[in-house]
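In: with the input below, show me the fold.
(one chain, ligands or ions: 1)
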Amino acid sequence: MKLAIIGAGPGGLYAALAAVKQNISVDLYEKKQVGEGICCGECLFDSLGIMPQLGEGLLHPVREVILKGRDHYGINMSRRRKLWMLDRKTWQQGLAKQAVAQGICLFEQTEITPDRLLAMQKDYDWIIDGSGAPSITSRAYHFSREYFRDYMAAYQVVLKGDFSALWPRIKVGFISDLPAELQAGYYWIFPKDERHANTGVVCTVHEIQDKERLQLKKRLANVLIDEKLTGAEIIESGGGMASVRILPRLVFDNIILIGDAAGLTSPLHGGGIDMACFSGALAVSFLTDGSQDVGEYQKSLTASLEDKLNLEATAVQKMKALNFCDFDKLLAGVTSQRNTIRAKTALRHPDLLYATYRWLEKKVEPPNWPD
Ligand SMILES: Cc1cc2nc3c(=O)[nH]c(=O)nc-3n(C[C@H](O)[C@H](O)[C@H](O)COP(=O)(O)OP(=O)(O)OC[C@H]3O[C@@H](n4cnc5c(N)ncnc54)[C@H](O)[C@@H]3O)c2cc1C
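Out: Residues are numbered from 1 along each chain as shown. Here you go, the predicted model:
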């Protein structure tokens, strides 16, 4: 089988490593250098509980998440080990090096255009599109608008300053004056070490919106003032979007969409690294297991992610439905050290309790993971 993969992001790289393990001939096309120009909080939440050892680029597990509503609340992560800070550039370059050593052909600085994609369909048995959102397939098949039905718009800066008081914890703050139609929205401060932190704001958007209305840069400037970070030096800045709704169709002739190209980011927090890796490896398992119909890829993906996405959607509903004061009470309740308070909060929000229970009970089988 001849396989082409477009995009050397987490999804494309996991797909390449999974494919090479099955002795498939893989050509991986990346429009930049691997790891170049990444704009990301670089916090990997293994929400499916299946990520293997991350290897090169893993900085440290996150010890605690500080949530800020009206007050501050902590969630201790040391027992769960599901949250890590990464250096994505090092991580992705390490994965690419590993894939090349195992025999894939990597073409960097090679942008696939819509015309080239259509021509490639004759040269390859299958093409995995991990080009992010909006994907190159959407440009060739004219469905780019699908990514903008429900999406998260984000703006981030990389700060150089003193983060020793927060590191190795991270902070997520909820924005009290965000209009209801832009909920769920929050800001993040994710220190990579004691001197550097990725700091950004994100909000949910329906249909394409005027950037002026979102005011992301202004909102971030306010966060820097509130968090007393105006003395820190901004060494990088950038923005991006993430579609938070799985696309209605993921297979187009011999093309399969994965990761952000498939609309696989969390509706709650916009993170998608784990789902990109998962979908990349899952797509390969559908191509290599003769007993599975590739048309079933989407069904299998949706079934694996259903409970996680339901829980996140329920949490988003809470953020939309509750006023800031009641949302703050919810944060206080779910993070309380006292069992009775947590139980009372759960009884007040049975939908959240049920969705959490379903998520915790769910066992997702990792697909053909790379070694
Ligand atoms: C500001 C911001 C912060 C974020 N923070 C987090 C976070 O902390 N944690 C988290 O889990 N997620 C985060 N995300 C989401 C996360 O970045 C994505 O979900 C994840 O990168 C998806 O991986 P992917 O492989 O599908 O796509 P991408 O990482 O987008 O990779 C796509 C690759 O394809 C290449 N490419 C694109 N077009 C072409 C083409 N035509 N030809 C060849 N190559 C092409 C690109 O150069 C890129 O290397 C954040 C997103 C944003 C915008």
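
In: quick one, what contacts the residue lying closest to residue 217 once chain neighbours are set aside?
Out: Residue nearest to residue 217 in three dimensions, not counting chain neighbours: residue 155, with 5.9 Å by Cβ to Cβ, 6 or more residues apart in numbering. Heads up, the C-betas are built off the backbone N, CA and C, glycines and all. Residues near residue 155 by Cβ atoms under 8 Å, 6 or more residues apart in numbering: 200, 201, 202, 216, 217, 219, 220, 237, 238, 239.

In: burial count for the second one?
Out: By other Cβ atoms under 10 Å, 27 other residues sit near residue 201.

In: again with the fourth one
Out: Other residues lying near residue 216 total 20 when counted by other Cβ under 10 Å.

In: the stretch 101-250 of the chain: strands as residue ranges?
Out: 105-107, 126-129, 150-160, 170-174, 186-191, 196-206, 233-243 (DSSP state E, counting those that start in this stretch).

In: so residue 106 bridges to which residues?
Out: residue 28 (DSSP bridges).

In: in this structure it contacts residue 26, no?
Out: No: counting by Cβ atoms under 8 Å, residue 26 is not a contact partner of residue 106; they are 9.0 Å apart.

In: more neighbours: those two, which one.
Out: residue 26 (26 against 19).

In: give me the pLDDT for the more buried one.
Out: Residue 26 is assigned 97 on the pLDDT scale.

In: wait, a strand at it?
Out: Yes: per DSSP: H, G, I helix; E, B strand; the rest coil, residue 26 lies within a strand segment.

In: identify whichever of the strands of the stretch 101-250 of the chain lies nearest to residue 292.
Out: Closest approach to residue 292 among the strands of the stretch 101-250 of the chain (Cβ to Cβ): strand 126-129, 13.2 Å.

In: just give the nearest non-adjacent residue to the residue of the stretch 1-150 of the chain found nearest the ligand, would you?
Out: Residue of the stretch 1-150 of the chain nearest the ligand, by Cβ to the nearest ligand atom: residue 9 (2.1 Å). What sits nearest to residue 9 in space, not counting adjacent residues and going by Cβ to Cβ, 6+ apart, is residue 130, at 5.8 Å.

In: isn't that neighbour right up against residue 6?
Out: Yes: counting by Cβ under 8 Å, residue 130 does reach residue 6; the two are 6.3 Å apart.

In: before we move on, the earlier item: report the beta-bridge partners for the residue nearest to residue 217.
Out: Listed beta-bridge partners, residue 155: residue 201, residue 239 (assigned using DSSP bridges).

In: distance check, it against the ligand.
Out: 7 Å (Cβ to the nearest ligand atom, to the nearest Å).

In: so what pLDDT did the residue nearest to residue 9 get?
Out: Residue-level confidence at residue 130 comes out at 98, pLDDT.

In: show me the contacts for it.
Out: By Cβ under 8 Å, 6+ apart, the residues touching residue 130 are 5-9, 11-12, 15, 258-259, 261, 276, 280.

In: try residue 296
Out: Contact analysis of residue 296 by Cβ under 8 Å, 6+ apart lists residue 286.

In: ok so it is a helix residue?
Out: Yes: looking at residue 296 with three-state DSSP, it is inside a helix.

In: about what we covered before: which residues touch the residue of the stretch 1-150 of the chain closest to the ligand?
Out: 92, 130, 132, 259, 260, 276.

In: swap in residue 284?
Out: So residue 284 contacts 3, 15, 18, 19, 22, 24, 128, 367, 368 (Cβ under 8 Å, 6+ apart).

In: let's see it at 6 Å
Out: Residues near residue 284 by Cβ atoms under 6 Å, 6 or more residues apart in numbering: 15, 18, 19.

In: and the residue nearest to residue 9, how close does it get to residue 31?
Out: Distance of residue 130 to residue 31, computed by Cβ to Cβ, to the nearest Å: 12 Å.

In: which one is residue 279 nearest to, not counting chain neighbours?
Out: Looking at residue 279 with Cβ to Cβ, 6+ apart, the closest residue is residue 258, at 4.1 Å.
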